[in-house]
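Peer 1: sequence unknown, structure follows:
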């Protein structure tokens, strides 16, 4: 047998070994993927959030801090999460892609947060005290769920922090858009 022939057979042997290794390890890889999917399902059950693409709904949202509307159309607020986000440079419509998503999830995706007393945006805390009050409205009505409120299709949500009187709050409520209906109609 020549050196060329031996080299050829050695290469073939190495390729066969690699193919066998790939075939054997694929079984364990598939098992790992299955276990990860099971873990993911368990986490969704524990968190009450459905899997990605378990819903596709839209809601109109407006946030005011001391009378100034937050511009969620800014790039830093767009597509912050695959589960819940603003997109296409539009800062008035929230796109929700998993069941169980709340206002709290939206704000956390934007590196903020909220409870029944405070809202955190852009690293600033705004808490109900002598300088302002946090208010939360869903579909023009006061709502006490705050960060635990689960979005429903075509909701109109207002979060307001400040010293505004009832007339100014009514103007803020009226400023919540009706764009979500267009996105929900598009599917």
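Peer 2: All right, it came through fine. If you're wondering where the values come from, they're calculated on a predicted model, not measured in any experiment.

Peer 1: please make it C-alpha for all contacts and neighbour counts, starting now.
Peer 2: OK.

Peer 1: check the offset of the lengthiest strand in the chain from the chain's centre.
Peer 2: Across the chain, the longest stretch assigned as strand under DSSP state E is strand 57-65. In terms of C-alpha atoms, centre = their mean, to the nearest Å, the centre of strand 57-65 is set 14 Å apart from its chain centre.

Peer 1: and it, which strands flank it?
Peer 2: strand 68-69 (antiparallel), strand 90-96 (antiparallel), strand 156-162 (parallel) (DSSP bridges).

Peer 1: for residue 125, find the nearest of those strands.
Peer 2: Distances from residue 125 to each of the strands paired with strand 57-65 were compared by C-alpha to C-alpha, and the smallest falls on strand 156-162, at 10.4 Å.

Peer 1: quick one: buried residues of the helix or strand following the closest one?
Peer 2: Helices and strands here follow DSSP states H and E; after strand 156-162, the next one along the chain is helix 166-175. The neighbour-count criterion (16 or more other C-alpha atoms under 10 Å) identifies 169, 172, 173 as the buried residues of helix 166-175.

Peer 1: closest to residue 50 out of the residues you listed?
Peer 2: Nearest to residue 50 among these: residue 173, at 29.8 Å, using C-alpha to C-alpha.

Peer 1: so that closest one touches residue 140, yeah?
Peer 2: Yes - A contact is recorded between residue 173 and residue 140 when judged using C-alpha atoms under 8 Å, the distance being 6.3 Å.

Peer 1: so which residues of the protein form helices?
Peer 2: 3-47, 103-109, 166-175, 180-186 (DSSP state H).

Peer 1: which residue ranges make up each domain of the protein?
Peer 2: Taking automatic domain parsing as the criterion, the chain consists of the domains 1-47, 57-186.

Peer 1: please produce a markdown table containing these, extended by mean pLDDT.
Peer 2: As requested, the domains of the chain are arranged in a markdown table below (pLDDT from 0 to 100):
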| stretch | mean pLDDT |
| --- | --- |
| domain 1-47 | 69 |
| domain 57-186 | 96 |
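
Peer 1: pick the most buried one from those.
Peer 2: Among these, the stretch with the highest mean neighbour count (mean count of other C-alpha atoms under 10 Å) is domain 57-186, at a mean of 18.

Peer 1: residue 6 and residue 79, how far apart?
Peer 2: Distance check for residue 6 against residue 79: by C-alpha to C-alpha, to the nearest Å, it reads 57 Å.
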